[in-house]
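Q: Here you go, sequence then predicted model.
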Amino acid sequence: MATVLSVSGSPSASSRTSRLLRHLDERLTAQGHDVIPLDVRTIPAEALLGADFRHPAIVEATDLFARADGVVVGTPVYKASYSGVLKALLDLLPQYALTGKTVLPLATGGSIAHVLAIDYALRPVLTSMGAAHIVQGWFTLDKDITVHDDGSLAVAPAANEALTQVVDQFSTALGRTPLLAVAG
């Protein structure tokens, strides 16, 4: 069983990005992985913005990255790049915090104009941090993610199919055989 750290880089508590990640975490768990969620927004701002490497929340986040076999990084796209809160955390991790790890980058946004943010903004940072393998990422339009009043999530069929494929590729890269049925 692989340990997967699922990192939401959204600053919003009601984020589609975070909800989508937790939805995908369920699929990874069903495939036999131990999934640990990390919402960067829960790390105290003074630790992130003050670059307090010794703050207990930063130490804990660093430990979570060290323990993980794989990392899913999800972010909303702002100004054609990943979120500032995610950038703040990545800047505080050791330079090679992703060495030997398989990474799945995911992004959400309001326009297909932001689709290249994964490849031109996020992937270079993940590569510089030593990721052993960065699987194909995926960008999902906000309009394809619906959060219902009861908190449940619905993903448009085409987007769900694409997300299932990239999550299964990530799972396979971690050394597990993915489920054949589409979750969600």
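A: Nice, thanks for sending it over.

Q: distance of the residue lying closest to Ser14 once chain neighbours are set aside from Arg123?
A: Excluding its sequence neighbours, the residue lying closest to Ser14 (C-beta to C-beta, 6 or more residues apart in numbering) is Val147, at 7.5 Å. (C-beta placed from N, C-alpha, C; glycine too.) Remark: distance between Val147 and Arg123 (C-beta to C-beta, to the nearest Å) = 27 Å.

Q: What of Val155?
A: For Val155, the distance to Arg123 equals 23 Å [C-beta to C-beta].

Q: Repeat that for Pro105.
A: For Pro105, the distance to Arg123 equals 6 Å [C-beta to C-beta].

Q: So between the two, which is more surrounded?
A: Using other C-beta atoms under 10 Å as the criterion, Pro105 and Arg123 rank with Pro105 on top: 27 against 17.

Q: Next, the more buried one: secondary structure please.
A: What DSSP: H, G, I helix; E, B strand; the rest coil gives for Pro105 is strand.

Q: How about Thr62?
A: Secondary structure, three-state DSSP: Thr62 is helix.

Q: Same check on the one 10 residues further on?
A: State at Val72, reduced to three classes by three-state DSSP: strand.

Q: Quick one: list the elements packing against the lengthiest helix in the chain.
A: Secondary structure of the chain per DSSP state H: the longest helix is helix 157-173. With contacts taken as 3 or more C-beta pairs under 8 Å, 6 or more residues apart in numbering; DSSP states H and E, helix 157-173 sits against helix 16-30, strand 70-76, strand 102-109, strand 138-141.

Q: quick one, whatever helix or strand Leu90 lives in and strand 70-76 angle?
A: Using DSSP states H and E, Leu90 falls within helix 84-92. Interaxial angle of helix 84-92 relative to strand 70-76 (axes from the mean of the first three to the mean of the last three C-alpha atoms, to 10 degrees): 140 degrees.

Q: and the most centrally placed residue in the chain, what is it in contact with?
A: In the chain, the residue lying closest to the centroid (C-alpha atoms, centre = their mean) is Val73, at 2.1 Å. Contact analysis of Val73 by C-beta atoms under 8 Å, 6 or more residues apart in numbering lists Val7, Gly9, Leu86, Val103, Leu104, Pro105, Leu106, Leu122, Leu126.

Q: Quick check: the gap between it and Ala158.
A: For Val73, the distance to Ala158 - C-beta to C-beta - is 23 Å.

Q: who does the residue nearest to the centre of the chain bridge with?
A: On the basis of DSSP bridges, Val73 is bridged to Val7, Pro105.

Q: Just the pLDDT at it, thanks.
A: Looking at Val73, its pLDDT is 98.

Q: Quick check: buried residues in stretch 160-169?
A: Under the neighbour-count criterion of 16 or more other C-beta atoms under 10 Å, stretch 160-169 has Asn160, Ala162, Leu163, Thr164, Val166, Val167, Asp168, Gln169 buried.
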